[in-house]
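Undergrad: Provided below for reference: sequence and predicted model.
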Number of protein chains: 2
Amino acid sequence: MPLSANNPDRTSWLHVDKNSDFPIQNIPFGVFLTRDDIITIGTRIGDTAIDLGALHQLGYFEGIALTDDIFLQDSLNDFIADGRKTWRAVRNRIADIFDSNNDTLKNNKSHKEIVLFRLDEIEMQLPVQIGDYTDFYSSMEHAKNVGTMFRDPDNALLPNWLHIPVGYHGRSSSIIPSGIPIHRPQGQTLPNGATESVFGPSKLVDFELEMAFITTDANDLGEPIPIAEAEEYIFGLVLMNDWSARDIQKWEYVPLGPFLAKSFATSISPWIVTLDALEPYRVAGPKPVKPQLDYLKYKGKKSYDINLEVAIQPNGAKETVVSKSNFKYMYWTMVQQLAHHTVNGCPVNSGDMMGSGTISGPTEDSYGSMLELTWKGEKPIKLKDGSERKFINDNDTVIMRGYCEKDGTRIGFGEVSTKLLPVFNKK
Amino acid sequence: MPLSANNPDRTSWLHVDKNSDFPIQNIPFGVFLTRDDIITIGTRIGDTAIDLGALHQLGYFEGIALTDDIFLQDSLNDFIADGRKTWRAVRNRIADIFDSNNDTLKNNKSHKEIVLFRLDEIEMQLPVQIGDYTDFYSSMEHAKNVGTMFRDPDNALLPNWLHIPVGYHGRSSSIIPSGIPIHRPQGQTLPNGATESVFGPSKLVDFELEMAFITTDANDLGEPIPIAEAEEYIFGLVLMNDWSARDIQKWEYVPLGPFLAKSFATSISPWIVTLDALEPYRVAGPKPVKPQLDYLKYKGKKSYDINLEVAIQPNGAKETVVSKSNFKYMYWTMVQQLAHHTVNGCPVNSGDMMGSGTISGPTEDSYGSMLELTWKGEKPIKLKDGSERKFINDNDTVIMRGYCEKDGTRIGFGEVSTKLLPVFNKK
C-alpha cells in the first residue's frame, strides 16, 4: 500500500500553523478523554484533535476491515495488533478525509461537531497499555561519557558494548503521559566516604532524553524475529524522559542493574508518530566500529533524522533549552534492538515499549542528561532566570521536544513535559 | 474475618489422598480451560478441580459481594483486586460447601456435573495476567555462592547486599505455566579466552529454584507502602523456575543486569496458594546480620516454612531429586521486598509478580541452581539413570515441588514442570 498520506503537497482544510508538529502528513495516534468524559482513540491535525471512534461510527472508514469498537478503547493495543496494512489504510483515509480537496466532512457541520475538538477540550492519556517495557543503552556518546566519568577514560566502553545492543527490563507501572507531575523519590544511598547507607530524598534527580518505539504482536515464545523483518513490527515512536535518581542508582545497581533509581517515573509524549510518517526522514545508521554478528547485520537506512531538545522551566520562570541532540546519533538501530531482544525467543507483543537509552550527541551541548551536561555536577548550567542547576530542583518542569524537517515539511512529536514535585507527604 | 477455612479438623466429602498438596485447608486459586473449552477461575480439592464460575452462577456465593462475572475470566486479576476481605470470604465459603458435614452440593448430582472436573479434563493456564514482574536476589547463601565463585570468597557479598533487598525488573511476556515446553535459547557469548563474541545455542542452561508472590492493587504513583501494611497486598505464592542461560548472562549483564539470559522463559506453578492458607506455617525470618534502615524493619513472623525440591527427569527416564531447600532460608522477607520496591513511589498493581531469587540453603544439597550444585560444572551430578549433568540437557524436564507440613496437615503447591526442547528451528 503506498503512503499517500505522506504526499508533501497535500494540505488540509483544518488550520495548521506553519511551524506545527502536526501537519496532515503526520497523523499520529493517541488516546484522549473528550469533554463528555468519553475515552477514545484519536489523531491530531494542527491544533485540532480528531475522534476516530466517532469518525468510524459515522462511516468514514467504510471499506477498511475494522471491528466496530476498534477506536472506542482506552488503548491502541488492539488497533496496533491489526498490523501495518491496517495502520496504513487508516492513515491514508484520514489524510483523504481532511484533504483541502475533500468537502465531505468539511461541509457537514453536525459531523464536525461530533468529531473535532480543541486541544483544551481533551485530556491526553497513555496511548498504549504497556505490557513490557525495555530500555536500551544504545548511544555510544552516552555510554562513553558514563564510562569516562565513573570508570576509565581510556577504556570508556565496556567490553560487550560494541557487540550487543545492551538493554534491561524497565518498570511498566510507572510510565505516565506528558503533563502528570511526579514526586522526588526517596530511597537508600551511600554518602561519599560512608560505609553505612542512609535513607532520604534523592539529591541527584536527573532526566534522560530518549525516544521509545511501540511494537505490534511479533512472535511466539521461542521464535526469534529475523532482523530483515523487524521493521514490520514497529508501529511508531514517542519521546521519553527516563527519570533517574543518580545517587540511588549508584548504590543499588551492582550486580543486577538499575531498579528503584528508574522505576519512580518514566514520562512519554502522548502522540505516537508512525514509522510511516517518518519515512521521508530516514538516514543511514552509523558505521559499525567493530564487526557485528550476522543476526545484527541489516541493509538500508534504518535510522531517522529527528531533532531533539530538552528545556528546564523553573517554577514560574521562563524555560531554558539545555540540550540539543538528534535520534540519528544512536549507534544501535531499532531493528538491531528488536532482533537482539527476540534472538533468545522472548515474545514481543502489541503495546510493548522499547526505549533507546539516553541520546547524547558528540558535542557538550548535545548530551542527553544533566549527569553529562554538568559532568557529575562539576560544571553547573546557568538558566535564563539566573539560577544554576547541577541536577533537577523541586518544582522544575522538564520539557522534551522532537521534530523532523525536510523540504518544507515538518513532522513532530509535540512534547513530553513533567513537573518534579517535592517528596510525597502523606496527609 | 476468621480463617475458618484453615480449621485442621475439617474434612471434605471430596476424596483427598493422604499426601495430597490440596486438602480442604488449602483452597488455592487458578485459571483453567474446561472440557467444553470454557475458561474459568477455579480451585482444587484433592484431585478434583472446581469451577468457581459455575458455582457462582448456581448461587453458592450468595451473600458475598461479587460481580456476576468475577470468576468467568481468563485471569484472577479482578478477583485479586477485590482485596483480602473478599478472598477470605470466598475461601471460607468454599471450605463450607465442600465440608463433610454439608450435603447441599454433595447431594445435588446435576450441580456437581457442572462444577466438578477431573484433572485430566482441564488445562491449567497462567493464573494472572502479569503486568510487571520483579525478581529479587534475597537468599544469602545463593548470593554468597555466586560471589565466591565469580568474585572474591573473602568478600562474597557485595557491599549493598546486606542493606538492600537487591532486585531487578524481569520480562513478563515469557512467563508460562507448568507444562509448557521451552526451547534452548540462542544468543551471544564470549568463549573463554576469546576477545570476540560468538552466536549460538546457550551451552549452560540452568534452573533457579524460586517462589514468587502475587500482589493486589497497592498504591498510587508516588506513594510508598509502609512495611507494616505490606502483607495486606500479598495475595499468595507460586513456585517459580527462573530459567537462566549462564553463558549469555556472563557476557551481557554488565552494567545493566540480566536480560536475554533470563527472558526466554520463566515457569510458574498454576495454583496460587494464598497467604491465608500458609498462615499456620509462619516462621520468623532470619536475624539481620547488619542493622537495617527503619523502612525495612518489621515485627512478627514474616517468613514461611515451605519445603522445596528440584528434580531432573531425562527423556523417558526416572527423575532424580537434585536439591532440597526451604523458603525460610530467605534473608529478605516478602514484606521487606514490597516495602523496598515501593519506597520510591513505584506503583504495584493487581497481578504483579515478585520472585524471591534463587533459594539456596546452607548445605551443598540445598542449593537452588545447577551453577551452585555442580559448582560451575566442576562437580557434575549423577542421575539415577547413570548419566551426569553439569547443566540442563536437551529434552530434560525440570520439576519443582513445594509443601508445608505441620500437625498432620499438609498444604502444597503441586509442581512446576518444564521440558527443555532443543534450539528452535523454523520449518
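TA: Everything's here; your move.

Undergrad: low-confidence ranges in the stretch 151-300 of chain A?
TA: For the stretch 151-300 of chain A, no stretch has pLDDT under 70.

Undergrad: what about the helices in it?
TA: With DSSP state H, counting those that start in this stretch as the criterion, the stretch 151-300 of chain A has helices at A:246-252, A:275-278.

Undergrad: Residues in contact with the last one: which ones?
TA: This points to helix A:275-278. With contact meaning C-beta atoms under 8 Å, 6 or more residues apart in numbering or on different chains, helix A:275-278 is reached by A:3, A:5-6, A:25-28, A:87-88, A:91, A:231, A:234-237, A:304, A:306, A:404, A:411. Where you see a C-beta, it was placed from the backbone N, CA and C, and this is true even at glycine.

Undergrad: Ok, stretch A:175-183 next?
TA: Around stretch A:175-183, the neighbours that count as contacts under C-beta under 8 Å, 6+ apart are A:124-127, A:130, A:133, A:243, A:264-270, A:353, A:414-424, B:221-222, B:345.

Undergrad: What subset of the residues you listed is buried?
TA: With burial judged by 16 or more other C-beta atoms under 10 Å in any protein chain shown, the buried subset of the contacts of stretch A:175-183 is A:124-127, A:130, A:133, A:243, A:264-270, A:353, A:414-420, A:424, B:221-222, B:345.

Undergrad: Give me the subset of these lying in strands.
TA: If you go by DSSP state E, the buried ones among the contacts of stretch A:175-183 have A:124, A:133, A:266-268, A:353, A:414-420 in strands.

Undergrad: Need the residues you listed in CSV (columns: distance to B:A49).
TA: Shown next, in CSV, are these (distance: C-beta to C-beta, whole Å):
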residue, distance to B:A49
A:M124, 45
A:Y133, 35
A:T266, 41
A:S267, 45
A:I268, 42
A:M353, 37
A:G414, 51
A:E415, 53
A:V416, 48
A:S417, 51
A:T418, 48
A:K419, 51
A:L420, 51
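
Undergrad: Sort out which one of those residues lies nearest chain B for me.
TA: A:Y133 (8.2 Å; C-beta to the nearest C-beta).

Undergrad: Identify the bridge partners of that closest one.
TA: Beta bridges link A:Y133 to A:M353 when assigned by DSSP bridges.

Undergrad: Tell me which residues are up against the longest helix along chain A.
TA: Secondary structure of chain A per DSSP state H: the longest helix is helix A:84-97. Here helix A:84-97 makes contact (C-beta under 8 Å, 6+ apart) with A:1-5, A:7, A:10, A:24-25, A:27, A:43, A:50, A:52, A:55, A:60-61, A:64-66, A:79-80, A:102, A:104-105, A:216, A:232, A:235, A:274, A:276-277.

Undergrad: Among these, name the buried ones.
TA: The neighbour count (16+ other C-beta under 10 Å) marks A:3, A:5, A:10, A:24-25, A:27, A:43, A:50, A:52, A:55, A:60-61, A:64, A:66, A:79-80, A:105, A:216, A:235, A:274, A:276-277 as buried among the contacts of helix A:84-97.

Undergrad: Just the ones of the residues you listed in helices?
TA: Short answer: the buried ones among the contacts of helix A:84-97 in helices (DSSP H) are A:52, A:55, A:79-80, A:276-277.

Undergrad: so who does A:K328 touch?
TA: A:283, A:285, A:303-306.

Undergrad: quick one: secondary structure of it?
TA: Three-state assignment for A:K328 (DSSP: H, G, I helix; E, B strand; the rest coil): helix.

Undergrad: gap between it and chain B?
TA: Distance of A:K328 to chain B, given as C-beta to the nearest C-beta, to the nearest Å: 23 Å.

Undergrad: phi, psi of the residue in chain A positioned nearest to chain B?
TA: Nearest to chain B in chain A, going by C-beta to the nearest C-beta, is A:G257, at a distance of 2.6 Å. Backbone torsions of A:G257, given as degrees, to the nearest 10, read phi 100, psi 180.

Undergrad: Please tell me I have it right and it contacts B:G257.
TA: Yes. At 2.6 Å, A:G257 and B:G257 qualify as touching, with contact defined as C-beta atoms under 8 Å.

Undergrad: Between the two, which contacts overlap?
TA: By C-beta under 8 Å, 6+ apart, A:G257 and B:G257 have these common neighbours: A:168, B:168.

Undergrad: ok, A:K382 to A:R246 distance?
TA: 21 Å (C-beta to C-beta, to the nearest Å).

Undergrad: These two - which one has more neighbours?
TA: More crowded of A:K382 and A:R246, by other C-beta atoms under 10 Å in any protein chain shown: A:R246, with 19 against 11.

Undergrad: For the stretch 251-400 of chain A, which residues are neighbours of chain B?
TA: A:251-261, A:263-265, A:291, A:293-295, A:340-341, A:343-349, A:352 (C-beta under 8 Å from any C-beta of the partner chain).

Undergrad: just the buried members of those residues?
TA: Using 16+ other C-beta under 10 Å, the buried members of these are A:251-253, A:255-261, A:263-265, A:293, A:295, A:340-341, A:343-349, A:352.

Undergrad: Report pLDDT for A:K318.
TA: For A:K318, the pLDDT comes out at 97.

Undergrad: what's the closest non-adjacent residue to it?
TA: A:K384 (5.2 Å; C-beta to C-beta, 6 or more residues apart in numbering or on different chains).

Undergrad: Next up, the contacts around that neighbour.
TA: With C-beta under 8 Å, 6+ apart, A:K384 has these contacts: A:317-320.

Undergrad: Strands along the stretch 51-200 of chain A, start to end?
TA: Along the stretch 51-200 of chain A, the stretches classed as strands by DSSP state E, counting those that start in this stretch are A:116-118, A:123-124, A:133-136, A:167-169, A:175-177, A:182-183, A:186-189, A:198-201.

Undergrad: quick one, which of those is nearest to A:G368?
TA: Checking the strands of the stretch 51-200 of chain A against A:G368 by C-beta to C-beta gives strand A:133-136 as the closest, at 13.0 Å.

Undergrad: Which neighbouring elements make contact with the closest one?
TA: Applying 3 or more C-beta pairs under 8 Å, 6 or more residues apart in numbering or on different chains; DSSP states H and E, we find strand A:133-136 packed against strand A:167-169, strand A:353-355.

Undergrad: what residues does it touch?
TA: A:165-172, A:175, A:210, A:242, A:262, A:266, A:332, A:337, A:341, A:352-357.

Undergrad: roughly how far is it from the heart of the chain?
TA: What separates the centre of strand A:133-136 from the centre of its chain is 11 Å, taken as C-alpha atoms, centre = their mean, to the nearest Å.

Undergrad: Just the mean pLDDT for it, thanks.
TA: 98.

Undergrad: Using CSV, write out every CA atom in it.
TA: Output of strand A:133-136 as CSV, limited to C-alpha atoms (Å, rounded to 0.1, in the frame of the first residue of the first chain):
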residue,chain,number,x,y,z
TYR,A,133,9.0,-2.0,28.8
THR,A,134,12.6,-2.4,27.8
ASP,A,135,15.2,0.3,27.9
PHE,A,136,18.4,0.1,25.8
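
Undergrad: three-state assignment of A:R401?
TA: strand.

Undergrad: Count the neighbours of it for me.
TA: For A:R401, the neighbour count with other C-beta under 10 Å is 20.

Undergrad: what pairs with it across the strands?
TA: Taking DSSP bridges, one finds A:E309, A:E415 as the beta-bridge partners of A:R401.

Undergrad: Hmm, A:V321 and it touching each other?
TA: No. With contact defined as C-beta under 8 Å, A:R401 does not reach A:V321; the gap is 9.0 Å.

Undergrad: So for the two, which residues contact both of them?
TA: Listed as contacting both A:R401 and A:V321 by C-beta under 8 Å, 6+ apart are A:309, A:311.
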